[in-house]
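Engineer: What would the 3D arrangement of this be:
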Amino acid sequence: MVSAAAARLMEVAAVGPYFAVVCGERPDTEGFRPLTELYGDGRALERYAETVARRLGTGQLRVAASTLHLQAASRLWSIALASASLTGHVPDLDPAQLWWRPVRSGPVELWLPTARELPQDADMVTVVHDTVAVRNLRPLDDAVHGVFGVSRQVLRGNAASALVGALRVLLARAPDAPHSPVPLVHALLDREPLTGAGTFTAAPGGSIAFRRRSCCLYYRVPGAGTCGDCVLRDRRTHP
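Structural biologist: Modelled structure (predicted):
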């Protein structure tokens, strides 16, 4: 029997692949590792960055590391933000219980053997911030910065860009969510590690805009340009 927590995550997964996490027992567990391994094992992080680098066609591991950081942040924010907006509950994304597996293309696979939800004894902003920013992004930032030297400013911008990107998709695919995600995103952008990452505006009609104060380094991939929210967007040359 599917638990209520797992059922709510299935609802969230319908928004799109970045919002999906498989719950419960599954027959194909080969290759899955807890997120704590990615955060705490420098060699595991290096191997994953090497995989991302090959996929991007670049030999710069720092660029690949920034990209994998942005993708991981996107997955985590998407699940938590959509859960809060669509269901009014926030899943427990404890990195010791949340398992990951890289794939050939698309977002990394996530698996929760046991779906749990966080107690709602604090405001929604605090709960979402704790499960994503504190328990996951903080150790991931430390690992990516320590192993590859990606600056804290870039990582802060990545986290903020990932959050706003999740918001854009959620507004487009679930415009009638019971709990508006816009105030939640506003509040999260005012908390560390996102404070000062960029300028965010939301119009009454639902349109949003974000310009980050850093660059994710993706423009250094052969044939790539700058992202839509990049600080370099309007500059003629790159540093």
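Engineer: so after the longest helix seen in the chain, what's the next helix or strand?
Structural biologist: Once the chain is assigned using DSSP state H, the helix that runs over the most residues is helix 61-87. Next along the chain after helix 61-87, taking DSSP states H and E as the criterion, comes strand 99-101.
Engineer: That next one - which strands sit beside it in the sheet, and in what orientation?
Structural biologist: Strand pairing for strand 99-101, determined by DSSP bridges: strand 33-34 (antiparallel), strand 109-112 (antiparallel).
Engineer: For that strand, report the contacting residues that lie outside it.
Structural biologist: 31-35, 38, 108-113 (CB atoms under 8 Å, 6 or more residues apart in numbering). Heads up, the C-betas are built off the backbone N, CA and C, glycines and all.
Engineer: List the buried residues in it.
Structural biologist: Within strand 99-101, the residues scored as buried using 16 or more other CB atoms under 10 Å are 99-100.
Engineer: same question for that strand, mean pLDDT?
Structural biologist: For strand 99-101, the mean pLDDT works out to 95.
Engineer: and Gln120, that one's in a strand?
Structural biologist: No - applying DSSP: H, G, I helix; E, B strand; the rest coil, one finds Gln120 to be coil, outside a strand.
Engineer: Give me the number of neighbouring residues for it.
Structural biologist: With neighbours defined by other CB atoms under 10 Å, the count for Gln120 comes to 11.
Engineer: distance of it from His89?
Structural biologist: 7 Å (CB to CB, to the nearest Å).
Engineer: Leu81 too?
Structural biologist: According to CB to CB, Leu81 and His89 sit 12 Å apart.
Engineer: Next: Ile208.
Structural biologist: 24 Å.
Engineer: thinking again about what came up before, would you format the contacts of strand 99-101 as a markdown table with distance to Ala202 and pLDDT included?
Structural biologist: Shown next, in a markdown table, are the contacts of strand 99-101 (distance: CB to CB, whole Å; pLDDT from 0 to 100):
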| residue | distance to Ala202 | pLDDT |
| --- | --- | --- |
| Gly31 | 39 | 91 |
| Phe32 | 37 | 95 |
| Arg33 | 37 | 94 |
| Pro34 | 36 | 95 |
| Leu35 | 31 | 96 |
| Leu38 | 33 | 93 |
| Val108 | 29 | 89 |
| Glu109 | 32 | 93 |
| Leu110 | 28 | 97 |
| Trp111 | 33 | 97 |
| Leu112 | 31 | 97 |
| Pro113 | 37 | 96 |
